[in-house]
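Enquirer: 3D, please:
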Amino acid sequence: MYKFLKLLILVVLPCSIYSQEHKTEYTIPIDSVRSIYNHATHTEYDFLIGREYKTYHFQKKHSPIFNGKFCNGTLYWKNRTFKDLLISYDTFKDEIIVRSLFTSGVTASVVLSQNRIDSFAINTDLTTHHFEYLNPEEYTASDALGGYYEIIYQNKLQLVYKHRSRKLVEEGLTIYVPEIHKYLAIDNKLYKINSKQQLFKLFPEKKKMIKQKVSSFQCSYKKLSTSHLVDIIKYLESL
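Expert: Reported below is the predicted structural model:
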C-alpha cells in the first residue's frame, strides 16, 4: 500500500506543478486513478475468500448441484467482473462454489462467502442462467428466504425462481429432491405463484383474463413452461 501511495503522488504532483507554472487547471480522470489502484492492489483471485467445498456422497440421480455439475460462468463482485470461471451452485446449502487451478498447480473448490458476491451467471448447454442475491430485509414475503434467486424476467414485474433441494432418506440412502419455488416481485415484495390460485389472489380483477391466457397454452397451470409463464406476466403488464 505504501508503494501504491508513492505511485499516486508521482502521478498527481507533475500535474499540480504544471498547473501552477502555466496557470492552467488540469484534472486526472477518476477512472484513471481507479484503474491504477485496481492494477496495484487487486488480483484475479480477489473473490476467492471462503472455505474448501466438501462434495456430497449421493448415489441417486438427483443432485443438489444446479445442472448437476460445474459449468462455465461469470461472477459479479464490487463492480468487477470475473469471467470464464468453473462455477457450480449448491441449491441445498445456497452456496456458490468455484473450482480454480492456481499457479502452484493445485486445483481447489472453494465455497464463496455469500456477502461478497452480488450476482453470478451459469452457462448450461441451452442457456445462461442469471442469479442475484436478494436480501430478505429488502424483499419481504411470508415464506421467501434470503439468498440467490434466478432472474427469469425483469420489467414492471419481476419473475424469479428460488432453486432448492429437499433432503430425504430413501431405502437407507440420502437423496436430494430438486424444487423450484416461483415468485413474482412487486414493489420489493416477493409473492409465491406456484399455483394459479396464488396468482389470482394477486390480480383478482384480472382473474378471468388470466384463466383465458392459461387456457390458450392447452395445459394446466402446473405444467406451464417458463416461457409460458413469462408470456402471462407480459400480458398482465399490458393490461
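Enquirer: which residues of the protein fall in strands?
Expert: 50-52, 71-77, 80-90, 95-101, 107-112, 119-123, 128-134, 147-154, 158-170, 173-186, 189-192 (DSSP state E).
Enquirer: looking at the chain, which helix or strand is least sure?
Expert: Least confident helix or strand of the chain, by mean pLDDT, DSSP states H and E, is helix 2-22 with a mean of 45.
Enquirer: Low-confidence stretches in this structure?
Expert: 1-50, 57-61, 101-105, 114-116, 136, 139-144 (pLDDT under 70).
Enquirer: centroid residue for it?
Expert: Nearest to the mean C-alpha position of the chain, counting by Cα atoms, centre = their mean, stands residue 131 at 2.3 Å.
Enquirer: and residue 155, what is it in contact with?
Expert: 234, 237 (Cβ atoms under 8 Å, 6 or more residues apart in numbering). Just so you know, the C-beta spots here come from the backbone N, C-alpha and C atoms, and that holds for glycine as well.
Enquirer: again but with residue 76, I slipped
Expert: Contacts of residue 76 (Cβ under 8 Å, 6+ apart): 82, 117-120.
Enquirer: Turn the strands of the chain into CSV, including distance to residue 62.
Expert: Compiled in CSV, the strands of the chain are given as follows (distance: least, Cβ to Cβ, whole Å):
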stretch, distance to residue 62
strand 50-52, 24
strand 71-77, 18
strand 80-90, 13
strand 95-101, 18
strand 107-112, 20
strand 119-123, 18
strand 128-134, 18
strand 147-154, 18
strand 158-170, 8
strand 173-186, 5
strand 189-192, 23
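Enquirer: Let me know which of those is the nearest to residue 206.
Expert: Closest to residue 206 of the strands of the chain is strand 173-186 (Cβ to Cβ; 13.0 Å).
Enquirer: Walk me through which strands that closest one pairs with, and which way each runs.
Expert: Paired strands of strand 173-186, with direction, are strand 158-170 (antiparallel), strand 189-192 (antiparallel) (DSSP bridges).
Enquirer: who wins for proximity to residue 100 among the ones you listed?
Expert: strand 158-170 (23.2 Å).
Enquirer: As CSV, could you dump the C-alpha coordinates of the closest one?
Expert: What follows is strand 158-170, C-alpha atoms only, in CSV (Å, rounded to 0.1, in the frame of the first residue of the first chain):
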residue,chain,number,x,y,z
GLN,A,158,-40.1,-9.4,-12.0
LEU,A,159,-40.3,-13.2,-12.2
VAL,A,160,-37.7,-15.0,-10.0
TYR,A,161,-37.1,-18.7,-9.2
LYS,A,162,-35.7,-20.0,-6.0
HIS,A,163,-33.9,-23.3,-6.6
ARG,A,164,-33.9,-25.5,-3.6
SER,A,165,-33.4,-29.2,-2.7
ARG,A,166,-35.1,-31.3,0.0
LYS,A,167,-33.1,-33.8,1.8
LEU,A,168,-34.8,-37.2,2.2
VAL,A,169,-33.8,-40.7,3.1
GLU,A,170,-35.0,-43.5,0.8
